[in-house]
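Peer 1: give me coordinates for this.
(one chain, ligands or ions: 1)
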Amino acid sequence: MDNFTLRPAQAADFPAIRRLIRVVRINPTGLDWRRFIVAEAGGQFAGCAQLKPHGDGSLELASLAVEERFRGQGLARCLLEALLSGSPRPLYLTCRAGLGVFYQKFGFRALPPPEMPPYFRRLNVLAGLMMKFPGVEEGLLVMRL
Ligand SMILES: CC(C)(COP(=O)(O)OP(=O)(O)OC[C@H]1O[C@@H](n2cnc3c(N)ncnc32)[C@H](O)[C@@H]1OP(=O)(O)O)[C@@H](O)C(=O)NCCC(=O)NCCS
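Peer 2: Residues are numbered from 1 along each chain as shown. Have a look, this model is predicted:
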C-alpha cells in the first residue's frame, strides 16, 4: 500500500484510537495517545500501535489494530516495523494463539511461563482462568523479541 503515512499520534487521535481498540476487542487499558503511532490513508485514520511500559520494567508492543477496510494491504506490517526499528529489546507482546504465526514473521517467539516477566505471567494466569468460561476457545500467547 503506498498512499498511507505513519506519524506520532496527537491528542486529537485519541477518540479514533479508543474506538478502534474497542471495536476490535483488544486490551482497552493503558491507551495513552502519547505512546502511539498512527497510520493515515487518504487523510483518514487507518490504524495504530503503541509501546507500553509496565511496572516490572518490561516493554510491550500493544494495541496493534487496523481499520477493517484497510486490512490485508501491509499496514500492520508497516506499523510494526516502524515501532520495532526504534525500540529497545527485549520487547514483549500478548496475542490470541491464532496470531502467533503473524508475529513470528517479525521474529517474536512464544514464551513458557517461567520466562515471562511478572506482568505477563499474571496476565497468562488470568487468561488460563478465562479459558474455563464457555465460549472462550482461544488461548493467549506471550511472545518476546
Ligand atoms: C491483525 C491485524 C492488525 C493485521 O492487520 P493488516 O494490516 O491486515 O496486516 P498486514 O496486511 O500488514 O499483514 C502482515 C502479515 O501478517 C499476515 N496476517 C495478517 N492478519 C493475520 C491474521 N489474522 N492471522 C495470521 N496472519 C495474518 C498477513 O498475511 C501478512 O503476511 P505477509 O506479509 O507474509 O504477506 C488486523 O487484522 C486487525 O486489526 N485485527 C484486529 C485487532 C487485532 O487482533 N490486533 C492484534 C492484537 S495482538
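Peer 1: what about the longest strand in the protein?
Peer 2: Longest strand of the chain, by residue count under DSSP state E: strand 44-53.
Peer 1: residue 76 should be in a helix, yeah?
Peer 2: Yes. Per DSSP: H, G, I helix; E, B strand; the rest coil, residue 76 lies within a helix segment.
Peer 1: what is the orientation angle of the lowest-mean-pLDDT helix or strand in the chain with strand 44-53?
Peer 2: The helix or strand of the chain with the poorest confidence is helix 118-130; it has a mean of 92 (mean pLDDT, DSSP states H and E). If you take axes from the mean of the first three to the mean of the last three C-alpha atoms, to 10 degrees, helix 118-130 sits at 110 degrees to strand 44-53.
Peer 1: helix 118-130: what's the following helix or strand?
Peer 2: strand 140-144 (DSSP states H and E).
Peer 1: right, is that following strand up against the ligand?
Peer 2: No. Judged by C-beta under 6 Å from any ligand atom, strand 140-144 and the ligand are separated, with a smallest distance of 8.9 Å. From N, CA and C alone the C-beta is placed, and that goes for glycine too.
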